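**Student:** sequence first, then the predicted structure, then my questions.
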Amino acid sequence: MAGGKSQTPVSLSDRELQIIDLVAAGLTNQEIAGKLEISKRTVDNHISNILTKTETENRVALVRWALQWGKVCLNDVNCCNLPNQIE
């Protein structure tokens, strides 16, 4: 379903969760690539796969989905333990 309204949990890898966290922090794909020391094309592929898995249409819908399912913590809201958080 579009807009992040999926009612079933989605299985995401640790790397995908890291990327969602960085998207939620406002980083561009190029900035994410630099932070994770991977290519921008790899980030693009991860983002595409994440959007498909979460049935979201864009980055805003993805962040809303991630907040709904407790996958990100923003400004002490919806805080959770994320695997291998990037500092």
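**Tutor:** Yep, that arrived.

**Student:** residues making contact with the longest helix seen in the chain?
**Tutor:** The longest helix of the chain (DSSP state H) is helix 40-54. Helix 40-54 is contacted by residues 4, 6, 10-12, 15-16, 19-20, 23, 29-30, 32-33, 36, 57-59, 62, 65-66 when judged by C-beta atoms under 8 Å, 6 or more residues apart in numbering. (Glycine included, C-beta is placed from N, CA and C.)

**Student:** mind listing what's buried in it?
**Tutor:** Residues of helix 40-54 classed as buried: V43, H46, I47, I50, L51, T54 (neighbour count, 16 or more other C-beta atoms under 10 Å).

**Student:** what's the separation between the third one and Q68?
**Tutor:** From I47 across to Q68, the span is 18 Å (C-beta to C-beta, to the nearest Å).

**Student:** same check, this time on the second one
**Tutor:** From H46 over to Q68 the distance is 20 Å, taken as C-beta to C-beta.

**Student:** so how far is the host helix or strand of A61 off the chain centroid?
**Tutor:** Counting by DSSP states H and E, the element that carries A61 is helix 59-68. Per C-alpha atoms, centre = their mean, to the nearest Å, the displacement of helix 59-68 from the mean C-alpha position of its chain is 8 Å.

**Student:** could you shift the numbering so residue one becomes 546, and keep it that way?
**Tutor:** Let's use 546 as the start, then, which means that last one is helix 604-613.

**Student:** that helix to helix 585-599, inter-axis angle?
**Tutor:** Going by axes from the mean of the first three to the mean of the last three C-alpha atoms, to 10 degrees, helix 604-613 is angled at 60 degrees with respect to helix 585-599.
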